[in-house]
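Colleague: generate coordinates for the sequence data below:
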Amino acid sequence: MSEPGCDPPCGILIVDDDEGLVATLAKVLGRHYPAVHTAFSAAEATTILARENNICLVLADVVMPMMDGLSILDHVRSNYPRVSVILMTGFGTIETAVEAIKRGAEDYITKPFDTETLLKKVSRLMEFYELRERVARLEGQLAQERLFGGIVASSPAMRAVLERARVAAQSTAPVLLVGETGVGKEMLARAIHRASQRAERPFIPVNCAALPQDLIESELFGYRKGAFTGATTDRAGLFRAAHGGTVFLDEIAELPSAAQAKLLRVLEEGEVRPLGETNPSFVDVRLVSATNRSLEELGGKALRDDLFFRISTIVVEVPPLRERGQDLYLLVDYFLEEFSRSYGRRVSIQRSALERLSSYRFPGNVRELSHILESAVAVSTNEPQVITEQELVPLLRAAGTTPDIVSPAAADCSLESMEKFAVRQALRVAGNNKSRAALLLGISRASLYRKLRDYGIEAGPESDEADTSRPPR
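Modeller: Predicted coordinates:
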């Protein structure tokens, strides 16, 4: 139902076999409420209730031929439980009133009644109905926000993505997520699954690029014992394992043509035929796919046209981080809070470091931002820790950019001073692991040792856990 003033407005249905009374009530209520319907019998009332989806209050006479007001009350309670009912009668006995309330009437009014009393009762129930509907809408919105709550977003571009994803979650159609590496396509796919009617069933992610070409079909669709050398037992395959749930095919454009043809049959017929099996098996699976290629690269090129059209019923394009300026600061706060918890110390970031991040292109998107920040956190033991611009520069360089050089002594821009600074920073980032530091600098381990000697740099004890980056999430 709509909020007051929205379209369609909340409606009132008047039911009485007294046509004069109905006309009077319609005129009185019509001055205050824009949608007033009238019926002169219970049969007509049930027809209007079935046809109009905006009725929120029924005002019905108790005594009518064929089907009385209490029967109308029962019909409304059974079929329209959120609709309020006020019963009217000229025979206002206590027994009738008690029976009406027991059977679910919200109120009861006796004839003759004055206009002011009627309007007060109607107004109270209309306001209650609107409040209840508003609470229900907010609860629904909060439930959806919780399901998509792991995705940090405030920019208009990402809010539009989340709204489209919420709509997609209510459908059973295949969804194709398009976006650069690291934008969070798998996280979005999981949120779509959690918000769908399949939430209690399995969600099975598959990285098509990581599967060996000769094993893709057997992994996805299963095989029978003896189907090929090494097939010592039956294997159900990931599609049958996901029955009733969702399969997420990441980097779907990497599927070989034979697997694409078989996938198309699964989507069109709902059938999977494992290798070595003659009879197909029925599967009920919702497919969510993802790719870092453009839509132009997919149709007729990386994918068969028929498969492309089948998997792209709903397309959600996820923008890169560089196009989500408003989200960068929220994401930095989110990750720093996360790392503060996991590393057991307070972590913040210098303003100039934040500005440096805001000018960076982030080719690896959100995943890269997470790894850059964690790399800065992991090599420090300060409590509290403040990430500085100088600490970030080597990390951005290692990511393949050429940001402006920032030196502790900006006036000294000699090659020697810059090189000494780079060596010290590389050792800090690498936790004094010489091999890792040499890799960050793009030089050999022997060259690094020579520079340490030439510049008189003393490296601390070498860490065994220099590479602190976690697998992509």
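Colleague: hey, what's the nearest residue to Val315 once chain neighbours are set aside bridged with?
Modeller: Closest residue to Val315 apart from its sequence neighbours, by CB to CB, 6 or more residues apart in numbering: Leu176 at 5.0 Å. No exception for glycine: its C-beta is placed from N, CA and C like everyone else's. Under the criterion DSSP bridges, Leu176 forms beta bridges with Ser289, Val315.
Colleague: for the stretch 251-400 of the chain, which segments count as strands?
Modeller: Counting by DSSP state E, counting those that start in this stretch, the stretch 251-400 of the chain has strands at residues 271-272, 281-282, 286-291, 314-317, 347-349, 385-387.
Colleague: which residues are contacting the second one?
Modeller: Residues external to strand 281-282 that are found in contact with it (CB atoms under 8 Å, 6 or more residues apart in numbering): Arg240, Gly270, Glu271, Val272, Arg273, Pro274.
Colleague: in the sheet, which strands lie alongside that strand, parallel or antiparallel?
Modeller: strand 271-272 (antiparallel).
Colleague: now the contacts of strand 281-282 in JSON lines, with pLDDT and distance to Ala253?
Modeller: What follows is the contacts of strand 281-282, written out as JSON lines (pLDDT from 0 to 100; distance: CB to CB, whole Å):
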{"residue": "Arg240", "pLDDT": "90", "distance to Ala253": "24"}
{"residue": "Gly270", "pLDDT": "90", "distance to Ala253": "23"}
{"residue": "Glu271", "pLDDT": "89", "distance to Ala253": "24"}
{"residue": "Val272", "pLDDT": "89", "distance to Ala253": "22"}
{"residue": "Arg273", "pLDDT": "85", "distance to Ala253": "24"}
{"residue": "Pro274", "pLDDT": "85", "distance to Ala253": "24"}
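Colleague: of the residues you listed, closest to Ser196?
Modeller: When the contacts of strand 281-282 are compared for distance to Ser196 (CB to CB), Gly270 comes out closest, at 17.3 Å.
Colleague: my guess is that closest one contacts Val283. True?
Modeller: Yes: at 6.1 Å, Gly270 counts as touching Val283 under the criterion of CB atoms under 8 Å.
Colleague: wait, what's in contact with the residue nearest to Val315?
Modeller: Listed by CB under 8 Å, 6+ apart, the contact set of Leu176 reads Ile252, Val288, Ser289, Ala290, Thr291, Ile311, Ser312, Thr313, Ile314, Val315, Val316.
Colleague: who are the contact partners of the fifth one?
Modeller: Taking CB under 8 Å, 6+ apart as the criterion, Thr291 is in contact with Leu176, Leu177, Val178, Glu251, Ile252, Ala253, Leu298, Ala302.
Colleague: so Leu21: helix, strand or coil?
Modeller: Under the three-state scheme (DSSP: H, G, I helix; E, B strand; the rest coil), Leu21 adopts helix.
Colleague: quick check: it vs Ala60, distance?
Modeller: According to CB to CB, to the nearest Å, Leu21 and Ala60 sit 12 Å apart.
Colleague: who has more neighbours, these two?
Modeller: Taking neighbours as other CB atoms under 10 Å, Leu21 and Ala60 compare with Ala60 leading, 26 against 15.
Colleague: quick check: closest non-adjacent residue to Arg224.
Modeller: Nearest residue to Arg224 in three dimensions, chain neighbours excluded: Gly276, at 3.6 Å (CB to CB, 6+ apart).
Colleague: what's the burial count for the one you found?
Modeller: Neighbour tally, Gly276, other CB under 10 Å: 15.
Colleague: contacts only, for it.
Modeller: Applying CB under 8 Å, 6+ apart, we find Gly276 in contact with Tyr223, Arg224, Lys225, Gly226, Ala227, Phe228, Ala231.
Colleague: helix, strand, or coil at the fourth one?
Modeller: Of the three states, Gly226 takes coil under three-state DSSP.
Colleague: and what of Gly104?
Modeller: Of the three states, Gly104 takes coil under three-state DSSP.
Colleague: can we start the residue count at 261 from this point?
Modeller: Right, with 261 as the first residue, what we last looked at is Gly364.
Colleague: that one: how many residues sit nearby?
Modeller: Neighbour tally, Gly364, other CB under 10 Å: 14.
Colleague: tell me the domain ranges of this structure?
Modeller: Per the record, the chain has its domains at 271-400, 416-579, 581-666, 671-733, by automatic domain parsing.
Colleague: my read is Ser431 is in a helix, agree?
Modeller: No: the assignment for Ser431, made by three-state DSSP, is coil rather than a helix.
Colleague: rewinding a little: most widely separated two among the contacts of Thr551?
Modeller: Among the contacts of Thr551, Leu437 and Ala562 lie farthest apart (CB to CB), at 15.1 Å.
Colleague: and the two? which has more neighbours close in?
Modeller: Each of Leu437 and Ala562 has its neighbours counted (other CB under 10 Å); Leu437 has more, 27 against 17.
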